[in-house]
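A.B. asks: Mind folding the following:
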Amino acid sequence: MAEPFQRRGRWYARVKDAGGRWRNVVLSEARTKAQARDLAADLALKSRRQRDGLEPPPADKSLTVGKIICWWLDEYVAGKTWAGREEDRFRLYFESTDLVRLPVAALTTARLESFLQHWTHQGLAPASVNRLRAMVSTAWNRARKAGLVHGMNPAADVESRKVPKRAPAFLEPQEVPRLLAELSAADRALVATALYAGLRKGELFGLKKRDVDLDRRLLMIRRSYDHDTTKGGREEAVPIAAVLVPYLKAALQSRGPFLFPQAGGSMRTDQDNLSKRLRSAMGRAGFVDGYVHHCRRCKRAGTPHEENQPDCERRRCPHCGMILWASALPRKFRLHDTRHTTATLLLAAGVDLYAVARILRHTDPKVTFKTYAHLVPGYLHAQIDRLPAAPFAALVLHDRRRAADPRRKSPEKTATDQQVGMEPTAGLEPATYGLRSGPGSNPAEPEESQPFTSRAVTDSATSPNVPTHPANHKQFAALVLHGSGRLVSPKEAAERLGIKRSTVYTLCANGELPHVRVGSLLRVDLDAFLATHRQTQRDRRRL
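C.D. replies: Residues are numbered from 1 along each chain as shown. Reported below is the predicted structural model:
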């Protein structure tokens, strides 16, 4: 390393760069020759490590974020069926911002987060914001592998926006024939195949006539658009439903090698606006969310008038009196939603989820379960119906007013009241007043805890140890809701009594603290308990 030198008041160092060439580098931070020597030594060491491959070489300062993304679009995206979408996204959301002119060396996580937040505030959906992040992340990773940039990807620490998970849209079984009847002859067979075979858009457009085997009723899915493979990366056979055979026979009469070609016989591209035609057919079939009524006369005059209505009845413009023109607002339904409809039709017919996963060609059956499990007939109904019936619950809810009425005289003590005693429970839960019959009704004689069973299920004559449902439900409801004392938690009871919570549980379990348990709370008269406890202590001191 050469000795630093000073020229016109600035210090310079002659250092061999990462490429092995000697260069004069300005040491702007140096004020003395000693500082210049230290800085020059650091630069020489860094250059030596870069030549040895121990550190990445410096990035090209002329390389910007926009150039990196354009390079990625040209090298890896061009020629793809979805290239137009990526190019439009770059033109709409990147070219108008300062991010494209930012050097890659200055791109940080904070700068990228600020860029994404800008579009979030502009009203861009979370899924669209995530696609912008994915463009920068993918372009950076590709450029790093090509040696254009070095270092950690700044998008790695930028969190993806949460996209709301919504239930898939689908058609009911009775709606499918109505939709197919409203489609044109060129689109009817294609949409029928999407509905009854569950194929994706690219797989439908890339399907060829030689892929159809009507004798064995199989569709060979080999490609997506003009690619050699599908989304799953493998060739698979899909069974042909009997109802789909007539549509496929009609499609086999088309021109060219493709099953669903364009008018000239060539393959349909991603620019085919099938989704728009599908939505128009939805409107003609009557699958609408409402109608928008607008006045054409006011629109020509430059003062448009519109109003949304649930029907298409004739209405007049409040400004000019002209009859409003009603346009249908079709339900939101994409071509990919036909795939959801396939799963819905299969599940409604009783097909198990594993078979649906095979037909839809999901790599992981968990995807099928998470997406379509709620559509299985009776899903979770059998489990929720296993909740035990509580006949006294309705009486507790409906007799609150009667039990709380102070004008009513308290009922005389009956035999049913004798059944109300301490019901011990297992574990650390406090004991409760349960409903007993037989010798175990005395709180001083606790028996082993038993489940609460109704007379309609278990007869006390045959099972004397199982508590039965009381005959007078109203008295029990009044006891639970409006008994003596007030509802407190075990923690509040412990603080009121000045003891530990475990001691409260012990007192309840031993029957020393009379109470009624209502859920996780206790109905207990703490003042009466304290008075009794103090009297007991005074009696003991006298003895």
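
A.B. asks: Doesn't residue 129 lie inside a helix?
C.D. replies: Yes. Counting by DSSP: H, G, I helix; E, B strand; the rest coil, residue 129 is found in a helix.

A.B. asks: Pop the domain breakdown of the protein in here.
C.D. replies: As assigned by automatic domain parsing, the chain contains the domains 5-51, 65-145, 391-542.

A.B. asks: weakest of those domains in terms of mean pLDDT?
C.D. replies: Between the domains of the chain, the one with the least mean pLDDT is domain 391-542; it has a mean of 57.

A.B. asks: which element follows the host helix or strand of residue 140 toward the C-terminus?
C.D. replies: Here residue 140 is covered by helix 126-145, with elements defined by DSSP states H and E. Note on helix 126-145: by DSSP H and E, the next helix or strand toward the C-terminus is helix 176-182.

A.B. asks: Give the buried residues for that following helix.
C.D. replies: Within helix 176-182, the residues that count as buried by 16 or more other C-beta atoms under 10 Å are 176, 178-180, 182. No exception for glycine: its C-beta is placed from N, CA and C like everyone else's.

A.B. asks: got the residues you listed as JSON lines, with pLDDT and distance to residue 371 columns?
C.D. replies: What follows is the buried residues of helix 176-182, written out as JSON lines (pLDDT from 0 to 100; distance: C-beta to C-beta, whole Å):
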{"residue": "176", "pLDDT": "92", "distance to residue 371": "20"}
{"residue": "178", "pLDDT": "93", "distance to residue 371": "25"}
{"residue": "179", "pLDDT": "93", "distance to residue 371": "22"}
{"residue": "180", "pLDDT": "94", "distance to residue 371": "24"}
{"residue": "182", "pLDDT": "93", "distance to residue 371": "27"}
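
A.B. asks: Now do stretch 328-342: distance to the chain's middle.
C.D. replies: Offset of stretch 328-342 from its chain centre (C-alpha atoms, centre = their mean, to the nearest Å): 20 Å.

A.B. asks: So for it, what gets flagged as buried?
C.D. replies: For stretch 328-342, burial by neighbour count (16+ other C-beta under 10 Å) applies to 328-331, 333, 335, 337-342.

A.B. asks: Same check on stretch 224-240?
C.D. replies: 224-225, 230, 238, 240.

A.B. asks: what's the most distant pair in these?
C.D. replies: Maximum pairwise distance in these, criterion C-beta to C-beta, is 21.6 Å, between 225 and 240.

A.B. asks: same for whichever strand or helix holds residue 541, what does it pack against?
C.D. replies: Using DSSP H and E, residue 541 maps to helix 526-542. Counting contacts by 3 or more C-beta pairs under 8 Å, 6 or more residues apart in numbering; DSSP states H and E, helix 526-542 packs against helix 490-497.

A.B. asks: buried set for the helix it packs on?
C.D. replies: Buried positions in helix 490-497, judged by neighbour count with 16+ other C-beta under 10 Å: 490, 492-494, 497.

A.B. asks: ok, then the element right after it?
C.D. replies: Immediately after helix 490-497, counting by DSSP H and E, sits helix 501-509.

A.B. asks: and the direction of that following helix versus that of helix 526-542, what angle?
C.D. replies: Helix 501-509 runs at 90 degrees relative to helix 526-542, counting by axes from the mean of the first three to the mean of the last three C-alpha atoms, to 10 degrees.

A.B. asks: Give me the angle between helix 501-509 and helix 490-497.
C.D. replies: 100 degrees.

A.B. asks: Identify each buried residue in helix 501-509, please.
C.D. replies: 501, 504-505, 507-509.

A.B. asks: Same question for stretch 25-41.
C.D. replies: So stretch 25-41, judged by 16+ other C-beta under 10 Å, has buried residues 25, 27, 30, 36-37, 39-40.

A.B. asks: Stretch 524-533 too?
C.D. replies: Across stretch 524-533, burial judged by 16+ other C-beta under 10 Å covers 524-526, 529.

A.B. asks: what is the mean pLDDT for stretch 191-211?
C.D. replies: 92.

A.B. asks: What ranges does the chain have for its strands?
C.D. replies: Applying DSSP state E to the chain gives strands spanning 5-7, 10-16, 22-27, 212-213, 218-221, 236-239, 288-294, 306-309, 325-330, 420-423, 432-435, 486-488, 516-518, 521-524.

A.B. asks: I'd like those strands as JSON lines, with distance to residue 51 appended.
C.D. replies: JSON lines is the format used below for the strands of the chain (distance: least, C-beta to C-beta, whole Å):
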{"stretch": "strand 5-7", "distance to residue 51": "23"}
{"stretch": "strand 10-16", "distance to residue 51": "8"}
{"stretch": "strand 22-27", "distance to residue 51": "13"}
{"stretch": "strand 212-213", "distance to residue 51": "62"}
{"stretch": "strand 218-221", "distance to residue 51": "53"}
{"stretch": "strand 236-239", "distance to residue 51": "52"}
{"stretch": "strand 288-294", "distance to residue 51": "67"}
{"stretch": "strand 306-309", "distance to residue 51": "70"}
{"stretch": "strand 325-330", "distance to residue 51": "65"}
{"stretch": "strand 420-423", "distance to residue 51": "84"}
{"stretch": "strand 432-435", "distance to residue 51": "81"}
{"stretch": "strand 486-488", "distance to residue 51": "78"}
{"stretch": "strand 516-518", "distance to residue 51": "79"}
{"stretch": "strand 521-524", "distance to residue 51": "76"}
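
A.B. asks: Let me know which of these is the nearest to residue 279.
C.D. replies: Closest to residue 279 of these is strand 325-330 (C-beta to C-beta; 4.7 Å).
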